[in-house]
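Q: everything below, folded, please.
(chains A and B)
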Number of protein chains: 2
Amino acid sequence: MAKVGLRKNILSENDRIAAENRDLFDEAGVVVLNIISSPGSGKTTLLEGTLDRLSDKLRVLVIEGDVSTDRDIERVKAHGAGGVQINTGGGCHLSAKMVAKVLPELDLDSADVLFIENVGNLICPSTYDLGEDAKVVLLSTTEGDDKPMKYPTIFHESSVALLNKVDLLPHLPYDPERAEREIRVLNADCDVLRVSALTGDGMDGWIEWILSRLAEKRGDS
Amino acid sequence: MAKVGLRKNILSENDRIAAENRDLFDEAGVVVLNIISSPGSGKTTLLEGTLDRLSDKLRVLVIEGDVSTDRDIERVKAHGAGGVQINTGGGCHLSAKMVAKVLPELDLDSADVLFIENVGNLICPSTYDLGEDAKVVLLSTTEGDDKPMKYPTIFHESSVALLNKVDLLPHLPYDPERAEREIRVLNADCDVLRVSALTGDGMDGWIEWILSRLAEKRGDS
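A: Sure thing, here's the model as predicted:
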């Protein structure tokens, strides 16, 4: 019981700070997307391809979350984003407090979109609000079409699911329709997009999705 | 400070129960392997292929850990293993206590090898001893060759790393030698094996590795 109580306290403290983050994001009119997946599903490659397609239209910032190394922030900076790396030092998810701590380093007022790449983990980040407008879950085709039901929370919490690495479909025992069916059972409102961040296949639909969220947020849709 | 203290208490309680589990495993002379990876790296497919190769030689048991569903235990039972499913109900790793709770359901005395398939998570299971003889980490080639340094703890803690899905190498921007170099920097004693659980490539080396651990444990090596 003590542990359950502590977890509730941690979450309510997290929710309080997430609400403060959200106020800052809303004042700045920046759309914030919290990107969550297993390690190696292609979050950083997705961001690289997204930056290549958005950076002439929009001002984009990135917060990179990792257990260790600053490899990812170097990769996205090379594609034109400003941003900052958070190393959790073993921690399995980003918290609203970790995000709040780095916000003074970011010029939110001059930004349109802020991507937060969470730590590679399909479980723990699912229940931590960071103040984002939407959670985005990536599921790589190589992970198998049976994963939504096995990791239900993140699919329940996400506004869009990207089935990434569709370029590998010819080489895999994977049924994308099964994965989509499972996602829709868990969350009928979740958009599902098929992409290959590596080859660019399907990336136009993802860019449109981001632009529509921005239009919606700014009330000019 | 309070949170750090609580985490230490949880770990020392876990270590105490893990030591009790280990005593039971040692008395039974069963080799216990705790298999850890991201979701979808191929742990269950590896077990299916392992069972197909071992079940005429050895008596094998499996404990399946998952957030949700009993899909994995059904899969391994279809390949001849006895075993039991643990659902963590959202929990991000197995604990020694969860394992202790299901041990009465398993006939350890008549078993040679017990595989414990942990929850799909490359971070949280790394620091929880279950009483196993060795941790086995799987890294799918599709996850990228840069992952060891980004998730260092599990590679530091593991006795063997399996680079799985080598059948996909022709289609991936992946350098297996880079992954191996990173693993050896983190843990010079870690064996590294390249396998494809799907095609069977490299599985003989993995079976030999298991048999040598069993021989070592039983003192007849």
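Q: what about residue A:192, distance to chain B?
A: For residue A:192, the distance to chain B equals 17 Å [CB to the nearest CB, to the nearest Å]. (C-beta placed from N, C-alpha, C; glycine too.)
Q: excluding residues flanking it in the chain, which one is nearest residue A:138?
A: Nearest-residue entry for residue A:138: residue A:37, 3.7 Å, with adjacent residues in sequence omitted and distances by CB to CB, 6 or more residues apart in numbering or on different chains.
Q: quick one, what contacts that neighbour?
A: Residues counted as contacts of residue A:37 (CB atoms under 8 Å, 6 or more residues apart in numbering or on different chains) are A:43, A:120, A:122, A:137-140, A:164.
Q: would you mind measuring from it to residue A:125?
A: 9 Å (CB to CB, to the nearest Å).
Q: enumerate the residues of chain A near chain B.
A: Residues of chain A lying near chain B by CB under 8 Å from any CB of the partner chain: A:3, A:6, A:10, A:38-41, A:66-69, A:71, A:90, A:92, A:119-124, A:140, A:142-144, A:146-147, A:149-153, A:165, A:167-168, A:171-173, A:198.
Q: for the spatially most central residue of chain A, which three-state class applies?
A: Taking CA atoms, centre = their mean, the centroid of chain A lies closest to residue A:35, which sits 0.9 Å from it. Assigned with DSSP: H, G, I helix; E, B strand; the rest coil, residue A:35 falls in the strand class.
Q: what residues are up against it?
A: A:43, A:46-47, A:115-118, A:136, A:138.
Q: beta partners for it?
A: Bridge pairing for residue A:35 (DSSP bridges) gives the partners residue A:117, residue A:136.
Q: what separation do you get for it and residue A:125?
A: Plainly put, residue A:35 is 9 Å away from residue A:125 if you go by CB to CB.
Q: need the overlap of contacts for the two.
A: Joint contacts of residue A:35 and residue A:125 (CB under 8 Å, 6+ apart) are residue A:118.
Q: spell out the residue ranges of the helices in chain A.
A: Under the criterion DSSP state H, helices of chain A are mapped to A:2-28, A:43-54, A:71-77, A:96-102, A:147-150, A:152-157, A:176-186, A:203-217.
Q: low pLDDT regions in chain A?
A: Within chain A, the segments meeting pLDDT under 70 span A:1-4, A:220-221.
Q: so what's the residue count around residue A:110?
A: Residue A:110 is flanked by 11 other residues according to other CB atoms under 10 Å in any protein chain shown.
Q: residue contacts, it?
A: residue A:59.
Q: repeat for residue A:167
A: Residue A:167 makes contacts with A:196, A:198-199, A:201, B:171, as judged by CB under 8 Å, 6+ apart.
Q: of these, select the buried ones using a PyMOL command.
A: In PyMOL, this line selects whichever of the contacts of residue A:167 come out buried by 16 or more other CB atoms under 10 Å in any protein chain shown:
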select buried, (chain A and resi 196+198) or (chain B and resi 171)
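Q: which of the contacts of residue A:167 sit farthest apart?
A: For these, the farthest-apart pair by CB to CB is A:201 and B:171; their separation is 13.9 Å.
Q: now residue A:185: how far from residue A:159?
A: Taken as CB to CB, the span from residue A:185 to residue A:159 is 17 Å.
Q: for those two, indicate the residue with more neighbours.
A: The neighbour count for residue A:185 versus residue A:159, taken as other CB under 10 Å, is higher for residue A:159 (18 against 12).
Q: run through who's touching stretch A:42-59.
A: Contacts for stretch A:42-59 (CB under 8 Å, 6+ apart): A:35, A:37, A:60, A:62, A:64, A:72, A:75-76, A:78-81, A:110-113, A:115, A:117-118, A:120, A:138, A:140, A:162, A:164-165, A:195, A:197-198, A:200, A:203-204, A:206-207, A:210, A:214.
Q: I figured residue A:171 hits residue B:172, correct?
A: No: using CB atoms under 8 Å, residue A:171 makes no contact with residue B:172, being 9.7 Å away.
Q: residues near the residue nearest to residue A:39 when sequence neighbours are not counted, how many?
A: In space, and not counting its chain neighbours, residue A:39 is closest to residue A:120: 3.3 Å by CB to CB, 6+ apart. Neighbours of residue A:120 under the rule other CB under 10 Å: 28.
Q: so residue A:120 touches residue B:144, yeah?
A: No: using CB under 8 Å, residue A:120 makes no contact with residue B:144, being 10.1 Å away.
Q: overlap of the contact sets of those two?
A: Residues touching both residue A:120 and residue B:144 by CB under 8 Å, 6+ apart: residue A:40.
Q: and the nearest residue to residue A:187 once chain neighbours are set aside, how close does it get to residue A:99?
A: If the residues on either side of it in the chain are set aside, residue A:187 comes closest to residue A:156, at 5.1 Å by CB to CB, 6+ apart. Remark: distance between residue A:156 and residue A:99 (CB to CB) = 22 Å.
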